[in-house]
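Participant: Okay, here's the prediction I keep looking at, along with the sequence it came from:
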Amino acid sequence: MNDFTKFIKSNQEQAVASWLNYLNQIRIDRLLSSLRQQDENLLSALTSIDEAVRKIDFEVINSNRGGQHGMHGFIAEIAEVGIGNARKQIFGLEPVYRWVNDNGPVDLIRGGVDIQQKFVASGGRFSLGAIAEHLQKYPDYVKNGGRYQIPRDHFEVIERLHSMSPEEAGKLLSRSGDGPSFRDWRRVDAFFQQGSIDLESLEPSALEYRQAQRDAYESTMTAEENSLRSTDQSLRDNAYQESLPTLQEAASAAFTAAAVEGGTAFVLAVVAKKRAGKQLREFNQQDWLDIAGEAGLSFGKGGVRGASIYALTNFTATSAAVASSIVTASFGIAELANKLRRGEITELEFVENSELLSLEAAVSALSSYVGQALIPVPVLGAVIGNTIGTIMYKTVATSLSKREAELIERYLDEQRALDEQLAAEHLALIEKLDEGMSNYFGVLEQAFSPDMQIALLGSAELARQLAVPGSEILDSEEKIHAYFLD
């Protein structure tokens, strides 16, 4: 593979990695945006509850509005506004309720719909008696689109009783006072038999009758806050789950990477054939088989690359640029391992080439990472960074290679000259040592000769060889007589 082909493939690989990183970043950004929005949603919802509590305290409790028997009605109206708006705001929707507060025919307005709220337990009519009185005073209220809102527990009983036939009511309803009675059914049936209103004109409040009482509203609103926090956590959990990597996205990443790498290999193979001197119209069957083989192999590699980068970037703390370089180095080392098994390269060549592949992959990763940081445009920054980094690396590597070769050659020349000099000196020393040892052994042989005269002369010579002063050597009869007799 020539430098140009390696350069193109390196850019293509880092482009794929940058694109996969962009996909991951989109999911992360979407999650962070959802969480920030949910922070605002929760704050708005809790604020609606807090404002409702403050309004109940100030406008109802402190002023004793409605008195002992009517206070709960005003509490219910304000609480309905606060809770109804909060339940919308927790999902990021606009508030829908507005409290009219003018003692007129309308208590609340919800999205343009007039609502009259009735929280009445007296008379055992589940607030229907209060509705009947309101209809007598405002007979066109329902015709004009108005609706009645009653406690949730009242509505559930009315809905159940209204669905019963007289026979069912007679058989099923208790006459002992435990639960709705047949008398309750008759009251509900009589109300709807009048024909002035139907069940569709009624709706349940967010509150039960007991929850709007003076001694219960605070715990009711606290429970609603807890419910809102629970809903908020569920929404956050859903946003997190939606931001997680998926098998479908991984498959899409693998296929896209495979298509890009396979397409790049196809183009490069065609270009290589044309550079060899063949025109496109001259391509034969073998040429196209060669091109298809290279493209198919690269398609497979691209699929592995895409899936590997997706996994590394999503399930480990690895950047896309580094992940792509790891895959590239792995492919290269695997190819070198095959060559080593086939005996095409030595173990030393395998190690050296593996180190070189890893170095080039690291340079590519660092260049792409820096380029993407300096040019925060998906794909473009990585490609520009990789291009500049690769060119700089090749230039410096080539320059260093020439200088290193010159230094190594000069070092080898110096070593050869030094070896020759030391070898000559060593040989001269050995020869001198051999000569000295030969003389020494000759003198030593004379010194220990059985012939006394030869031994005497040999001993004197040995003493001279060992640098004994001449005055101390017994080499004459006079010196011997003087030494032993004087």
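Facilitator: Nice, I can see it. Owing to the predicted nature of the structure, the values given are computational and were not obtained by experimental measurement. Numbering: from 1, shown residues only.

Participant: Extract the C-alpha trace of whichever strand or helix holds residue 157 and format it as PDB.
Facilitator: Applying DSSP states H and E as the criterion places residue 157 in helix 152-162. Extracted in PDB, the C-alpha atoms of helix 152-162 (Å, rounded to 0.1, in the frame of the first residue of the first chain):
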ATOM      1  CA  ARG A 152     -63.600  12.600  42.400                       C
ATOM      2  CA  ASP A 153     -65.100  10.100  44.900                       C
ATOM      3  CA  HIS A 154     -68.600  11.600  44.300                       C
ATOM      4  CA  PHE A 155     -68.200  11.300  40.600                       C
ATOM      5  CA  GLU A 156     -67.200   7.600  40.800                       C
ATOM      6  CA  VAL A 157     -70.300   6.800  42.900                       C
ATOM      7  CA  ILE A 158     -72.600   8.700  40.500                       C
ATOM      8  CA  GLU A 159     -71.000   7.100  37.500                       C
ATOM      9  CA  ARG A 160     -71.500   3.600  39.000                       C
ATOM     10  CA  LEU A 161     -75.100   4.300  40.100                       C
ATOM     11  CA  HIS A 162     -76.100   5.900  36.800                       C
END
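
Participant: contact partners of it?
Facilitator: 126-128, 150, 169, 180, 184-185, 188-189, 192, 199, 202-210 (C-beta atoms under 8 Å, 6 or more residues apart in numbering). All C-beta atoms are positioned from the backbone trio N, CA, C, and that covers glycine.

Participant: What count of nearby residues applies to residue 116?
Facilitator: 23 (other C-beta atoms under 10 Å).

Participant: got the contact list for it?
Facilitator: Neighbouring residues of residue 116 by C-beta under 8 Å, 6+ apart: 105-107, 131, 134, 141, 146-149.

Participant: What residues sit buried inside stretch 213-220?
Facilitator: 213, 216-217, 220 (16 or more other C-beta atoms under 10 Å).

Participant: tell me which of the residues you listed is nearest to residue 43?
Facilitator: Closest approach to residue 43 among the buried residues of stretch 213-220 (C-beta to C-beta): residue 220, at 20.8 Å.

Participant: For residue 114, see how far away that closest one is.
Facilitator: Applying C-beta to C-beta, to the nearest Å, the value for residue 220 to residue 114 is 25 Å.

Participant: ok, back up a step: helices - which of the contacts of residue 116 land there?
Facilitator: 131, 134 (DSSP state H).

Participant: Determine the set of other helices and strands touching whatever helix or strand residue 167 lives in.
Facilitator: Assigned by DSSP H and E, residue 167 belongs to helix 166-172. Under the contact definition 3 or more C-beta pairs under 8 Å, 6 or more residues apart in numbering; DSSP states H and E, helix 166-172 sits against helix 182-193.

Participant: Follow the chain on from the helix it packs on and name the next helix or strand.
Facilitator: Later in the chain than helix 182-193, the nearest helix or strand by DSSP H and E is strand 202-204.

Participant: what mean pLDDT does whichever helix or strand comes after that next one have?
Facilitator: The helix or strand immediately downstream of strand 202-204 is helix 217-243, counting by DSSP H and E. Averaging pLDDT along helix 217-243 gives 92.

Participant: of the contacts of residue 116, buried ones?
Facilitator: Neighbour-count burial (16+ other C-beta under 10 Å) applied to the contacts of residue 116 gives 107, 131, 134, 141, 146-149.

Participant: how about CSV for these, with distance to residue 255 added?
Facilitator: As requested, the buried ones among the contacts of residue 116 are exported to CSV (distance: C-beta to C-beta, whole Å):
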residue, distance to residue 255
107, 60
131, 64
134, 66
141, 63
146, 59
147, 55
148, 59
149, 55
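
Participant: Can you list which of these are found in strands?
Facilitator: Mapping those onto strands (DSSP state E) picks out 147-149.

Participant: Which member of the residues you listed is positioned nearest residue 59?
Facilitator: Residue 59 has its nearest neighbour among those in residue 149, at 19.5 Å by C-beta to C-beta.

Participant: so what's residue 417 up against?
Facilitator: Going by C-beta under 8 Å, 6+ apart, residue 417 touches no other residue.

Participant: does it sit in a helix or strand, and which one?
Facilitator: Going by DSSP H and E, residue 417 is in helix 380-447.

Participant: secondary structure element for residue 72?
Facilitator: Judged by DSSP H and E, residue 72 forms part of helix 67-89.

Participant: lowest-pLDDT helix or strand in this structure?
Facilitator: helix 347-374 (a mean of 56; mean pLDDT, DSSP states H and E).

Participant: neighbours around the residue lying closest to residue 209 once chain neighbours are set aside, how many?
Facilitator: Among residues not flanking residue 209 along the chain, residue 151 sits closest, at 3.9 Å (C-beta to C-beta, 6 or more residues apart in numbering). For residue 151, the neighbour count with other C-beta under 10 Å is 26.

Participant: likewise residue 97?
Facilitator: Residue 97: 23 neighbours (other C-beta under 10 Å).

Participant: just checking, it touches residue 112?
Facilitator: No - Residue 97 lies out of contact with residue 112 (C-beta atoms under 8 Å); the separation is 11.5 Å.
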